[in-house]
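> I need the structure of the sequence given here:
(chains A and B)
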Amino acid sequence: MEEKHGMAKVIAIIPGLAFMVFTLYLLRTYVEPWMTTAVVFGQKGWFVQVLHLNYILLAIIAGMLYRNLLWAGKIPGWAEEGFRTTRLFIKSGVMMLGSLYTIQSLAKVGGVAIALIMSFVFGTILFVMYYGRVQKMDRSLIGVMAAACGVCGVSAAIATTPAVRAKPADVALAIATVLGFGIASMFISPFIGHMLHLSDYQFGAWVGTGILNSGQVLATCLAYNPTIAPGTAVAYGEIWNVVRVISIPFVVFFITMWYWRAEAEAEHITLVGIIKDKFPVFIIGFFAMTALSSLGMLGAEGSSTIQLMRTVMSWIFGLGLVGQGAYIDIRELKAAGGAPLKVGLAAGLIKYALALVVVLLFVSKETNF
Amino acid sequence: MSEPKKNAKMTVFKTDRHEDMAAMFFVTILVLSVLIYMAYIVPTIVLKAPMDGKMVAVTVQPEAQVKKGDLLYSLEIKEKKYVHDTLEEKLVVKEIRAKTNGKILSISAKPGDNVKKDKNEILVLKHEKGTLP
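Numbering: from 1, shown residues only, chains lettered A, B, ... in the order given. This is a model prediction of the structure:
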């Protein structure tokens, strides 16, 4: 496709974006209210009570259906540019979530989040390095898989690629494996959470540790409890997510160092260089929102201003997640296979299950957030 | 480091850094729009029940001037709280206070009314221009 610039690019975005907005409008205005009253198997609101469906999960499912059924695996040209705004909305939503916290509340929960995330991130990386060697995987592929499984399915894998000189096919394989696992856990986790009667704090801590993609963490937390407010699953899960995202440059550096040990001629990059190049600066926006909220500049908790802000946020997430769904290509996921699939699944499952055990054993149901 | 092709496919921006900056700009515009709209464009606001409960008392009268922090009404609600990892429910009275200075235009709820979250209107408030209601 020809690269567009300036106004032409903005105009090219409109059809796809309008389609995303229209989809979300239909889901929130007609489908979700209908589901809360629809009687299935003699039970009123069966879709919500039993399947725990809400506009968040519906947005992802709609996106998946568009791509995989309606559009036969490829977003059509007229909608492509619009759907490429997906990450912009997810990042904007993450930033706005900063308004749910005050500096004091972040400091209170942040310590637990840092301890859990760091042990799980580096624990997973070491496991992938060990198990990848056992499976006789190529060192480049091990490096990309370690980044993908350890810290973030897409961002870290892509950030690590040049440093460990991975082949594009390896990167695609690693991303497919980890995203496939993430998609499954996105739909399963709310059921497990409800079954185990996890509190919002426990669910946020578990999902924030066990799932590796910002959009998937957001979607899973909102699927568990769609309320956007302090003390809800998304408020807790996001703290874990932010800590994980911040750790990306350090993980890239760690994996690069490991790779260099055996590759004397490899390109040498410094930690400062990696931070300068790869630090996710949108996180600064998250903390700026927390600072504004701490200073009371966004309105008082419970005010109409805050309510409107959260309604805007829920639309931003919804749009991002329609797009997120449309980036799930079932055929691409089939690319996952062989040793990388074994290593990715083992690392993902162990992390997911172990995080749940740790949360159940050591994280209390309530926190003074 | 060069941006791999895969990444370029998922964004309308040249690099992740451009996308991050655009997201920051977008959020700034959104937040400013909400704040300006609420502070200067919306003249009155309808306060609805913040949670399911029963009205206990309404402590303001129509036409009364209220200041930020003044008690508006109190609501008996069922509070769910984890105590030693067990979910406990108890009835508590929640005091709802004014979030900003303003004038009460009308009151629709009275003590004894059962109200539903975001459904039942409690009162209408005209807030001072430039404040966040």
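> Tell me where the model's unsure across chain B.
Confidence mapping of chain B against pLDDT under 70 gives the ranges B:1-10, B:83-85.
> in what helix or strand does B:A57 lie?
Using DSSP states H and E, B:A57 falls within strand B:53-58.
> Oops, could you answer that again for A:V207 instead?
Per DSSP H and E: A:V207 is located in helix A:200-210.
> That helix - contacts with which helices or strands?
Contact analysis of helix A:200-210 by 3 or more C-beta pairs under 8 Å, 6 or more residues apart in numbering or on different chains; DSSP states H and E lists helix A:103-134, helix A:168-195, helix A:214-224, helix A:233-246, helix A:338-362 as its packing neighbours. From N, CA and C alone the C-beta is placed, and that goes for glycine too.
> So which of the ones you listed is nearest B:A22?
Among the helices and strands packed on helix A:200-210, the nearest to B:A22 by C-beta to C-beta is helix A:214-224 (16.2 Å).
> Which neighbouring elements make contact with the closest one?
When contacts are defined as 3+ C-beta pairs under 8 Å, 6+ apart, helix A:214-224 packs onto helix A:55-65, helix A:86-97, helix A:168-195, helix A:200-210, helix A:233-246, helix A:304-326.
> Deepest-packed of those, please.
Each of these was scored by mean neighbour count; the highest is helix A:200-210, a mean of 28, by mean count of other C-beta atoms under 10 Å in any protein chain shown.
> Can you show me the CA trace of it as CSV?
The C-alpha trace of helix A:200-210 is given here as CSV (Å, rounded to 0.1, in the frame of the first residue of the first chain):
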residue,chain,number,x,y,z
ASP,A,200,-10.6,-6.8,42.5
TYR,A,201,-7.2,-6.3,44.1
GLN,A,202,-6.3,-9.9,43.8
PHE,A,203,-7.6,-10.2,40.3
GLY,A,204,-5.7,-7.1,39.2
ALA,A,205,-2.5,-8.3,40.8
TRP,A,206,-2.8,-11.8,39.1
VAL,A,207,-3.7,-10.6,35.7
GLY,A,208,-1.2,-7.7,35.7
THR,A,209,1.5,-10.3,36.5
GLY,A,210,0.4,-13.2,34.4
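> distance between that helix and the chain's centre?
Counting by C-alpha atoms, centre = their mean, to the nearest Å, helix A:200-210 is centred 13 Å from the centre of its parent chain.
> returning to that earlier point: how big is the angle separating the helix holding A:V207 from helix A:168-195?
With axes from the mean of the first three to the mean of the last three C-alpha atoms, to 10 degrees applied, the angle from helix A:200-210 to helix A:168-195 works out at 160 degrees.
> Which residue ranges of chain B form strands?
Remark: strands assigned in chain B by DSSP state E are B:44-48, B:53-58, B:65-66, B:71-83, B:86-97, B:102-107, B:114-115, B:121-127.
> tell me the most buried of the ones you listed?
Comparing those by mean neighbour count (mean count of other C-beta under 10 Å), strand B:121-127 comes out on top with a mean of 20.
> State the pLDDT value of A:A169.
Here the pLDDT value assigned to A:A169 is 68.
> ditto for A:I269
On pLDDT, A:I269 comes in at 65.
> OK, contacts around whatever residue of the stretch 1-150 of chain A ends up closest to chain B?
In the stretch 1-150 of chain A, the residue that lies nearest chain B is A:K91 (3.9 Å; C-beta to the nearest C-beta). Residues in contact with A:K91 (C-beta atoms under 8 Å, 6 or more residues apart in numbering or on different chains) are A:S214, A:F282, B:E19, B:D20, B:A23.
> go on, A:G150?
Applying C-beta under 8 Å, 6+ apart to A:G150 gives the contacts A:V121, A:F122, A:T124, A:I125, A:V128, A:A156, A:V251, A:A347.
> Pull the contacting residues for A:M145.
With C-beta under 8 Å, 6+ apart, A:M145 has these contacts: A:V128, A:G132, A:M137, A:A157, A:A174, A:T177, A:P340, A:V343, A:G344, A:A347.
> before we move on, back to that, output the contacting helices and strands for the strand holding B:A57.
strand B:71-83, strand B:114-115.
> just to revisit the earlier point, restricted to helices, list the contacts of A:K91.
Those of the contacts of A:K91 mapping onto helices are A:S214, A:F282, B:E19, B:D20, B:A23, per DSSP state H.
> quick one: which of the contacts of A:G150 is nearest B:G53?
The closest of these to B:G53 turns out to be A:V121 (C-beta to C-beta; 43.2 Å).
> ok so, going back, dump the ones in helices among the contacts of A:K91 to TSV, plus neighbour count and distance to B:K80.
Shown next, in TSV, are these (neighbours: other C-beta atoms under 10 Å in any protein chain shown; distance: C-beta to C-beta, whole Å):
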residue	neighbour count	distance to B:K80
A:S214	26	29
A:F282	25	35
B:E19	23	40
B:D20	22	39
B:A23	24	35
